[in-house]
Each structure stands twice: as structure tokens, then as C-alpha cells.
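Peer 1: Quick one, what's the 3D model for this:
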Amino acid sequence: MKKLMITSLIAASITMTGCASILSGSTQTLTFKSVPDTANITITNKAGEKVHAGTTPVTVTLKRGNGYFKPAAYEVSFKKEGYQAKSVQVTGSVNGWYVANIIFGGLIGLLIVDPATGAMYSLSPSDVNAVLDAGQPVTAQDKNTQSLTVMLVQDIPAPIMQRAQLISTL
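Peer 2: Numbers count the residues shown, from 1 in each chain. This next block holds a predicted model:
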């Protein structure tokens, strides 16, 4: 009787778990950085709901799954005044530990536990580094409006620079 109980307990613990759930968990911690620092960051999920808002650099814990057998996906938006906004997609793909259910976790882990918790997925990229480009110079759109745009020589396109003329030297 005692051997039967121990054997049943071991068999139940092996078949009632999921490898990815035990080893990876249902959430993943990601790091978000930007150049320049202190850019505003907004993370939204597939449904368009805001999951996180703050400034870079930041570390955020996100859910790996978005329902039964559905990976999570997030859009990460970086914004800073004077720079062009940038968006990065973070998506879920099958976690390597999920396949270990075939050997260790059994059908319960393969078909129920890991898909229900979302642990069968890994989010990538795990470290998001965004380089924000400097904003474009503002120019007059209406020909009747006068404006002055100051630019560095290296920012002027080559075809325009070929037509440039030296006005005076200091």
C-alpha cells in the first residue's frame, strides 16, 4: 500500500506539472533603454491597453501569454521632444522548455499547464535598445511665409551642398 501511494504521488507530480511553468514562469522581465536616456516609453498589449508608461531606462515584467495557446505581443513606443518617435514590437515565440514536456512534463504540462499559464512562450527581444533619431528641421510649408533654417554642414544633403556657394569668410 505504501509503495503504491509513493508511486502514485511521484507519477502525479510528474504528470501534473509543466516544464516551462516550473523553469520559466508565466512572466518575463525585459529591459528597455534608449539613446538619449529619459525618453518616454509606453507599452501596449494586443488589445491596445496601456500596460506600462514611464521613462527609460526601465525594467518591466510582462505576461508571456495572452490566453490559451496564444502568445503575448506588445508595442513599445519611445518618444522624446526633439527626436523622432520610434516603435518596437515585442512578440512571444515557443519557449525551449515547453518541448521538454514531451519527456518530463507529460500531456498535462504539454496541453494544459504551460499553454494556460503562457509559460510556453518567450518574449523577444528581451533587451530593447532604441536609438532615437534627431527630429527633422521645421521648414516653411507656405511659400508666402518666410523662415530661416539653421543646419550643420554635415546634415545638408550632398546634392544641395554641391550647389552651395561661399558667401564670406571670417
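Peer 1: Please pull out the lowest mean pLDDT helix or strand from this structure.
Peer 2: helix 19-23 (a mean of 50; mean pLDDT, DSSP states H and E).
Peer 1: Can you spell out which helices and strands pack onto the helix or strand just after it?
Peer 2: Next along the chain after helix 19-23, taking DSSP states H and E as the criterion, comes strand 27-35. When contacts are defined as 3 or more C-beta pairs under 8 Å, 6 or more residues apart in numbering; DSSP states H and E, strand 27-35 packs onto strand 58-63, strand 121-124, strand 127-131. Bear in mind the C-beta positions are built from the backbone N, C-alpha and C, glycine included.
Peer 1: what does the second one rub up against?
Peer 2: By that I understand strand 121-124. 24, 28, 30, 62, 64-65, 71-72, 74, 90-96, 98 (C-beta atoms under 8 Å, 6 or more residues apart in numbering).
Peer 1: now do 6 Å
Peer 2: By C-beta atoms under 6 Å, 6 or more residues apart in numbering, the surrounding residues in contact with strand 121-124 are 28, 64-65, 71, 90, 92, 95.
Peer 1: Apart from its chain neighbours, what residue comes closest to Tyr74?
Peer 2: Distances taken as C-beta to C-beta, 6 or more residues apart in numbering put Val90 closest to Tyr74, at 4.4 Å, once the chain neighbours are dropped.
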